[in-house]
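In: let's see this in three dimensions:
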Amino acid sequence: MSLLDDVSIVVTPNGYKAGELYAVIPVPTEGSEEIATPDFSSSTGWSFTNSGGSNGWIINAGRAICDASATTPYRNLNSTFSLVNGKSYRLIIDILQSSDNMKIVIGGTTLAETLPTGTNLNYEYFIPEAAHSGGGFTIYAGSSDLQEIDNVSVKEYTSADMDVTRATAATRVDEDGLVNYAEILGGEEVTNGDFATDLSGWTGQAGRGSYAWDNGKAKITNDDTSGYPNLSQSVTTVSGKVYKVNATVEIGTATLTEVRAYSGGVLGSQQLNTDGTIDFTFTAIGTSFTLHLYLFEAGNTGNYCFFDNISVKEVTRDNVPRIDYTGGGCPHILAEPQRTNQFVQSNNFNTSWTQTSVDVATDVITSPISGELADSVTATTATAQHRVLQTPASTGIGTFTMYIKQGELSRICIHFLGTNKAVGFDCSDNTTFAATGIASYPTRYAISDFGNGWSKLEMYDVGSTTRVDIYIANPTVGGNNAVWTGDGTSKIYFAAAQFELGSYATSYIPTSGSTVTRNQDIFTRDGIGSLINSTEGVLFIEMAALSDDLTFRVMSISDGTNNNTIKVGYRNNTNAIYVEVRSSSVGQVFWIYTATDITDFHKIAVKYKVNDFSLWIDGTNVLNDTNGNTPIGLSKLSFDRGDSFTSLFAKVKQLQVYDTALTDTQLAALTS
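Out: Residues are numbered from 1 along each chain as shown. From the prediction side, this is the model:
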């Protein structure tokens, strides 16, 4: 018998959208339509609660309309069906017109979600089991503005897709080995961005240059000394939305190119002085902006450059689950705690960093951070210490990470002021060396190959740091305080510095003028009691801890509380894998298994059945218990213990729930 015959939930690093991580099994299903007359072809199944006489909801011409003339409205459009407690639903409404947020009320309780404003909107909302306790379904129009809707559909929805909440952007390592934002891109907003046959849709600024189509590219030639020649296009936007701009540049004979988003001021831009790709984002401040493709030099008549593959797309980063490829191979789901990059400038070492006897050139080389360029740092001809330094916005026990690349120089030393800890790194061979005159090393430190000539530096639990100094070490002697004479040309490359308060490093948080906080990743799915057998089953997860930091971090199947739960994770013992089963608030099973290293991936399965519990790890049955009851009312899957406490921070390759207690042979195969 195949294991898939018994599995009811399978979650892997697979498909996703903003706010949702798709499960592989089961395929989402919808029940029958609950609304008696969803298209308002009649008033059957609907009733009204209106104030102000006749002012309020009416059904007319196949739509529901709320009169705009009521001045003190209490206007409810009521359905005759009731939602059932413990079930989830999919709501769809065609909003034909609304200038004020309508609300959904279930059983007298208003949902936190409000309907959007606008015209001709197809609105879809998942109503989770936790958002309601059952009762009548009502659409409430709480203002005097006109509301007009059609095609209201409510269907019971069964799925193990996990809700993802973070409400901030976050980075991950993508399949190309670059640090990149997890994001969802919208449709193309640019017309003729590939210049397939001509320059249609683009306007060249007269008197500054000449503009020609050249084999599927736009060629800009400088003919004037008074300004920068450019091609431009007006692009439609939604105010407050974030947009990503991409372009391919061939420098030709020009010295500098730029792509700029402009709307009464520069919203975003990036320059290149070599062939390459431009990639930046900006936040729209109106309904349109102008995209400019510049040959960014005046004079030099006859110089030219080429642009191609111009793209502008709306980008969504909040709540997008992170599928991370760190280390290559199969990806994993990344779940991290809230952290703040305490450096106000993470990637521009010429701003907010104090320089001593160095010259910093910004944006000169391709970075390991997608969409960013890296800086070069050159030791001047002074006989001195050569360094850059920055004071974190908040100081304390923290962790430092950054990326370096060998130029003519390869050795640096990181010194943490306030703790007198330091360590030297050599990116020519990814080795470390002792720093001169320093009392101690950080608790843990490492240098590793990140690809494309870049090395990643990590220093964990560096103590109560008040300042971070990055020294270019003497090419032959090393040491953080070594005074030596530079040649004014030899350089090394820096990218993506981060100082965060915490005992281990998390993903990169870009900053550009102020600190930035990435919120905690929260993964949950409730209302799935039909997919979890409370009488018997197996909970299986393949995961690795982010650190052995001696804290409780668990995931669970539960009833939404810590009273009935099966939880698996880590606890405040060194390298401890932890399992607990609770039924009606009473502990039934409590196991601690010491692994060699919990930061390695382990396959963990917990079998549960009355008086028959077992724990399997990496193909071996390690613990058993023949006395205990199973939890009651299991209906939630979450990266916490069931009640939002002791959240799991880990890398997860797969998660499965079985609705039967598997045999020992099956459990050995599952965890091997």
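
In: residue contacts, P631?
Out: S534, I557, S558, D559, N564, T565, I566, V581, R582, S583, Y608 (C-beta atoms under 8 Å, 6 or more residues apart in numbering). Yep, even glycine has a C-beta here, placed from its N, CA and C like the rest.

In: and the gap between it and D163?
Out: 21 Å (C-beta to C-beta, to the nearest Å).

In: ranges for the strands of the stretch 151-300 of the chain?
Out: 162-165, 171-173, 179-181, 184-188, 203-204, 209-213, 218-222, 230-236, 242-250, 257-262, 266-272, 276-283, 288-295 (DSSP state E, counting those that start in this stretch).

In: er, the stretch 401-550 of the chain actually
Out: 411-417, 421-426, 431-433, 444-451, 454-460, 464-465, 467-472, 484-485, 491-501, 516-518, 522-525, 536-545.

In: for A130, give me its contacts.
Out: D526, G527, G560, K636.

In: does the last one touch D526 like I think?
Out: Yes. Here K636 lies in contact with D526, judged by C-beta atoms under 8 Å, at a distance of 4.2 Å.

In: spit out the residues that contact these two alike.
Out: Contacts common to K636 and D526, judged by C-beta under 8 Å, 6+ apart, are A130, G560.

In: which one's more surrounded, those two?
Out: K636 (26 against 20; other C-beta atoms under 10 Å).

In: can you show me the helices along the chain?
Out: Counting by DSSP state H, the segments of the chain that form helices are 664-671.

In: give me the low-pLDDT residue ranges for it?
Out: 1, 50-55, 68-74, 142-145, 225, 437, 439, 478-481 (pLDDT under 70).

In: give me the neighbour count for M162.
Out: 23.

In: nearest to Q654, of the strands of the stretch 151-300 of the chain?
Out: strand 162-165 (12.9 Å; C-beta to C-beta).

In: one step back: show me which of the contacts of A130 is closest to G268.
Out: Nearest member of the contacts of A130 to G268, counting by C-beta to C-beta, is D526, at 39.4 Å.

In: show me what contacts that closest one?
Out: S88, P128, E129, A130, G560, S635, K636, L637, S638.

In: now it: how far from T485?
Out: D526 is 66 Å from T485, by C-beta to C-beta.

In: can I get the strands of the stretch 151-300 of the chain in CSV with distance to L121?
Out: Converted to CSV, those look like this (distance: least, C-beta to C-beta, whole Å):
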stretch, distance to L121
strand 162-165, 22
strand 171-173, 31
strand 179-181, 27
strand 184-188, 15
strand 203-204, 33
strand 209-213, 39
strand 218-222, 36
strand 230-236, 17
strand 242-250, 20
strand 257-262, 26
strand 266-272, 26
strand 276-283, 22
strand 288-295, 20
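
In: for G19, find the nearest of these.
Out: The nearest among those, by C-beta to C-beta, is strand 162-165 at 5.6 Å.

In: partner strands of that closest one, with direction?
Out: Paired with strand 162-165 in the same sheet, following DSSP bridges, are strand 20-25 (antiparallel), strand 522-525 (antiparallel).

In: from those, which stretch is densest packed?
Out: strand 522-525 (a mean of 22; mean count of other C-beta atoms under 10 Å).

In: coming back round to it: for N621, state which of the contacts of D526 is nearest.
Out: For these, the nearest to N621 is L637 (24.4 Å; C-beta to C-beta).

In: wait, that closest one touches I557, no?
Out: Yes. In terms of C-beta under 8 Å, L637 counts as a neighbour of I557; the distance is 5.5 Å.

In: okay, the two: which has more neighbours?
Out: Higher neighbour count among L637 and I557: I557, with 28 against 25, using other C-beta under 10 Å.

In: give me the beta-bridge partners of the more buried one?
Out: I566, L637.

In: K636 is in contact with that one, correct?
Out: Yes. Counting by C-beta under 8 Å, I557 touches K636, with 6.8 Å between them.

In: between these two, which contacts overlap?
Out: What both I557 and K636 touch, as defined by C-beta under 8 Å, 6+ apart, is an empty set.

In: if we can go back for a sec, now the common contact residues for L637 and I557.
Out: I532, V657.

In: who touches stretch 188-203?
Out: Stretch 188-203 has contacts (C-beta under 8 Å, 6+ apart) with 211-213, 216-218, 231-233, 235-237, 243, 291, 293, 307-314.

In: F282 is in contact with A261, isn't it?
Out: Yes. Using C-beta under 8 Å, F282 makes contact with A261 at a distance of 5.0 Å.

In: so what sits against both of these two?
Out: Joint contacts of F282 and A261 (C-beta under 8 Å, 6+ apart) are Y243, V245, L267, G268.

In: touching, the third one and F280? I think so.
Out: No. In this structure L267 lies outside contact range of F280 using C-beta under 8 Å: 9.6 Å.
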